[in-house]
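> from the sequence below, what's the structure:
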Amino acid sequence: MRWAWQRSRRLGASAPVAGTLAQAKELLAELVDQQWKDEARLRSLDDPDPIPVRWRTPDAAELMDHAVNIDPSAAPPSGPAGGAARLWWAASSAEIGALADRFRRTRRRRLVILGGPGTGKTTLAVQLLLHLLATRTADEPVPVLLLVAGWDTQRHPRLQDWIADRLTGDYPALRSPELGAEVAPALAGRGHILPVLDGLDELPPPAQTAVINALNRSLGGDDQLILTSRTTEFTAAISAAGDLITSAAVLEPLPLTPAAAADHLTRCLPPSPGPAWQQTLTALRATPLADQTPPGQEAVHRPAAALAELTATPLGLWLVRTVYTAPGADPTPLTDPDRFPTSATLQAHLLDQLIPALIDARPPSTNSAEPFRPRRRRHPAQVRHWLGYLAHHLTTQPATGGQGTRDLAWWRLAATTHTFTPTTRLTFASITTLTTGLAVGLATGLTFGLETGLAFGLVVGLAFGLVVGLATGLTTRSWAQDPPGYADLHIRRRSAALVRSLATRLPLGLAVAFAVAFAVGFAGQFAVGLVFGFPDDMARLAPEFPDGLRVGLEFELLIGVAVGLGVGLPLALALGIMAWAATPAPTHHATTPMSSWRTDRRLNLLRFSTTTLALALTITITLGLVTGLSDGLRYGLEFGPAVGLAFGLTVGLAFGKHRAWWAYLFATWKLARAGHLPHRVMPFLDDCHRLGLLRTVGPYYQFRHAELHDHLAATHPPTHNTGRRHRRPT
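Numbering: from 1, shown residues only. This next block holds a predicted model:
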């Protein structure tokens, strides 16, 4: 059995193939490009043009390495490599090609993008990533955007090890047999990946410092990097670490001028926007920013002060555009100082109106050719309530040092909402015990007669039920910690792989068959032979011993063979199907929250169904061969499915590494019953992503803007016991 198991594993897994790195890089580049092109279209980053944010190197000398360490050509003819040398780089998000060219000319191609809230740091990183991909040569690394908040520097001290782990999870195609199991570590370890690490500020301060130190330890002379962070958090992190990001250029945004903001809004409006918009745009252009206004003249020279300050950031400009450029919207309140005396009050108003505006602007559609429209229309108050709960829930999570998290992982809902309380686990175990016991007991009674079934079936059913209930009750606690699994059931272009998977598991099945045959037919019947061979007179032991052994081997070994075949062949079938389904195809797309949810659901249902089928076949084949083909098959068909269903449920729930979908079902049922979330949470989140309220990075959802997250969390009423039903907003 051990030899067969090892042989099946060796044959089932592809060894690393030399010379596949170039193929893997091209495949990864295609996946990343499609992933972020779709996300950029959903975010309307180029509609009608990118917001023209200007970027430059910061004045603060402590934020950036010496200019000569970044680019020797940046040093001035005279003087030290500092001071004026720090003004050598200026760029604009509207001219991303020039920025990418300047990035490529730096010594080690390392860049840190800083800025305050809503200044377009992630947007610039995505724009740069897409342009680098579009103009990439074969010898250049593939830029891959990753959430730096997911990097545990204690578990993965080296950046490359963490990148390899994320590549295999976010891009399953890299695990295809055609490429080999070691492709992702090779890509990450040999400089073929340009990590674009987003959101250093989302980590707690000690973790930010640990990331700075780990980056400097991990980056070699040729390793490239792009990192985004809020300026305040980055400054504190490098101060605590006592070190900079070696050889990394640093960019900070300049405020959008009122004229630039007005020009962008003009391009988003119809050619004749109407007098209200013309007056608003005129007032905006005539309002200088606060740091450009002479003292004492604010009231005279700043007719649209709050609007000018708000639209100085890409976030504020996007909010104004989204809420007020819709047909029929009246922009007059935007310049009303009595209603919105500050940019903060105006931003809060726009965040309140964002959900209704997006729902009205994007009506639902079931047409697959319209991926940026929701599948179902929901009331804005409901959406606000449900998203508010999620925002508040993420903010109050203790998992990241008490400061919460920005990442919404669907498989973590059960753990973070404490779904599996002792009462829940006991209730679930009791239900599975009763239902399984009843099913097996009825099957026994129907198979062997009513009288026998009532006596024997209750005992058998209770035994089966206790096994299932005990197994599920003991393992439900661990479900909430399971990560999502993977299963691909598409047969197109994968039929040959299925046949190979079944063939490689056949030796294991035959080994199990022979082992069971030996155990049942030889060991068990050897004891029978001994019993029948022992006479009352112990002196006759030796003469009768061979006859007893012969009887046991001749007449009962057939039973062992029957049982062995009944166990081994279905086992090979189940293992072959599971191994085939767990092998990604080289054409598989990048992982998204919805795709990870679907594949984990598929894995759990496949595990349940294949186990049920295998055990049902085992009982049917065994009874058929042991008791005769006619009666045995009848008994097997009557008794096998019930027992197979019972054990299939046990194996599907109690065994395996990935039961995130089961945990998700429990968590969302309880949260929906309490009124915190809808019953179908993932379709709801998918619609919010289509609306532009959420964004995706790998298998995680995030609110499109951290300010939206914080606003919804702050304005959501406090939640109490999730087990009590609450009225939903109407």
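
> in what helix or strand does residue 40 lie?
Secondary-structure assignment from DSSP states H and E places residue 40 in helix 21-42.

> can you list contacts of the helix or strand following that helix?
Under the assignment DSSP H and E, the closest C-terminal helix or strand after helix 21-42 is strand 54-56. For strand 54-56, the surrounding residues in contact (C-beta atoms under 8 Å, 6 or more residues apart in numbering) are 87, 89-93, 99, 113, 124, 251-254. (C-beta placed from N, C-alpha, C; glycine too.)

> please apply the same query to stretch 206-217.
Contacts of stretch 206-217 from elsewhere in the structure, counted by C-beta under 8 Å, 6+ apart, are 148, 151, 153-154, 157-159, 200-201, 203, 225, 227, 229, 233-234, 236-238, 240-241, 243, 245-246, 400-401.

> mind pulling up the phi and psi values for residue 227?
phi -130, psi 140 (degrees, to the nearest 10).

> residues of the helix holding residue 40 that come out buried?
24-25, 27-33, 35-36, 38-40, 42 (16 or more other C-beta atoms under 10 Å).

> same question for stretch 164-173.
Neighbour-count burial for stretch 164-173, with 16+ other C-beta under 10 Å as criterion, is recorded at 164, 165, 166, 167, 168, 169, 170, 171, 172, 173.

> how about the residues you listed in JSON lines, adding secondary structure?
Listed next are the buried residues of stretch 164-173 as JSON lines, based on DSSP: H, G, I helix; E, B strand; the rest coil:
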{"residue": "164", "secondary structure": "helix"}
{"residue": "165", "secondary structure": "helix"}
{"residue": "166", "secondary structure": "helix"}
{"residue": "167", "secondary structure": "helix"}
{"residue": "168", "secondary structure": "helix"}
{"residue": "169", "secondary structure": "helix"}
{"residue": "170", "secondary structure": "helix"}
{"residue": "171", "secondary structure": "coil"}
{"residue": "172", "secondary structure": "helix"}
{"residue": "173", "secondary structure": "helix"}
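
> and of these, the nearest to residue 188?
Nearest to residue 188, judged by C-beta to C-beta, of the buried residues of stretch 164-173 is residue 164 at 4.1 Å.

> one step back: any of the contacts of strand 54-56 buried? List them.
Buried members of those, counted by 16+ other C-beta under 10 Å: 89, 91, 92, 93, 99, 113, 124, 251, 252, 253.

> ranges for the strands of this structure?
54-56, 90-92, 110-113, 142-147, 193-198, 225-228, 249-253, 694-697, 700-703 (DSSP state E).

> got those strands as TSV, with distance to residue 325 columns?
Shown next, in TSV, are these (distance: least, C-beta to C-beta, whole Å):
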stretch	distance to residue 325
strand 54-56	23
strand 90-92	23
strand 110-113	28
strand 142-147	29
strand 193-198	28
strand 225-228	28
strand 249-253	23
strand 694-697	21
strand 700-703	22
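
> go through those strands and find the least confident stretch.
Lowest mean pLDDT within these: strand 90-92, a mean of 83.

> and for it, what's in contact with it?
With C-beta under 8 Å, 6+ apart as the test, strand 90-92 has contacts from 52, 53, 54, 55, 56, 57, 98, 99, 102, 251.

> 6 Å instead?
Residues outside strand 90-92 that contact it (C-beta atoms under 6 Å, 6 or more residues apart in numbering) are 52, 54, 55, 56, 99.

> what pLDDT is listed against the closest residue to residue 366 other than its chain neighbours?
Once flanking residues are discounted, residue 366 sits nearest to residue 375: 6.0 Å by C-beta to C-beta, 6 or more residues apart in numbering. Per-residue confidence at residue 375 stands at 92 (pLDDT).

> please name the residues that touch residue 375.
If you count contacts by C-beta under 6 Å, 6+ apart, then residue 375 has 364, 366, 687 around it.

> neighbour-wise, give me the winner out of the residues you listed.
Neighbour counts for these, by other C-beta atoms under 10 Å, peak at residue 687, which reaches 23 neighbours.

> that one contacts residue 374, doesn't it?
Yes. Taking C-beta atoms under 6 Å as the contact criterion, residue 687 and residue 374 are neighbours in contact, 3.7 Å apart.

> which residues touch the residue nearest the centre of the chain?
The structure's the chain has its C-alpha centroid closest to residue 699; by C-alpha atoms, centre = their mean the separation is 1.9 Å. Contacts here follow C-beta under 6 Å, 6+ apart; on that basis residue 699 touches 591, 593, 596.

> roughly how far apart are it and residue 598?
From residue 699 over to residue 598 the distance is 11 Å, taken as C-beta to C-beta, to the nearest Å.

> if I look at these two, which residues touch both of them?
Overlap between the neighbourhoods of residue 699 and residue 598 is empty, taking contacts as C-beta under 6 Å, 6+ apart.

> just list the residues touching residue 246, thanks.
Shown in contact with residue 246 (C-beta under 6 Å, 6+ apart): residue 216.

> need the pLDDT of it.
As predicted, residue 246 sits at a pLDDT of 92.

> do the same with residue 66
The predicted structure lists residue 66 with a pLDDT of 87.

> what's the burial count for it?
When neighbours are counted by other C-beta under 10 Å, residue 66 registers 16.

> I figured residue 35 hits residue 591, correct?
No. With contact defined as C-beta under 6 Å, residue 35 does not count as touching residue 591 (9.0 Å).

> what would the buried ones among the contacts of strand 54-56 look like in a markdown table with distance to residue 388?
Supplementary listing: these in a markdown table, determined by distance: C-beta to C-beta, whole Å:
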| residue | distance to residue 388 |
| --- | --- |
| 89 | 41 |
| 91 | 37 |
| 92 | 36 |
| 93 | 31 |
| 99 | 37 |
| 113 | 30 |
| 124 | 29 |
| 251 | 34 |
| 252 | 32 |
| 253 | 29 |
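
> and these, which is closest to residue 423?
The closest of the buried ones among the contacts of strand 54-56, once distances to residue 423 are taken by C-beta to C-beta, is residue 113, at 48.5 Å.
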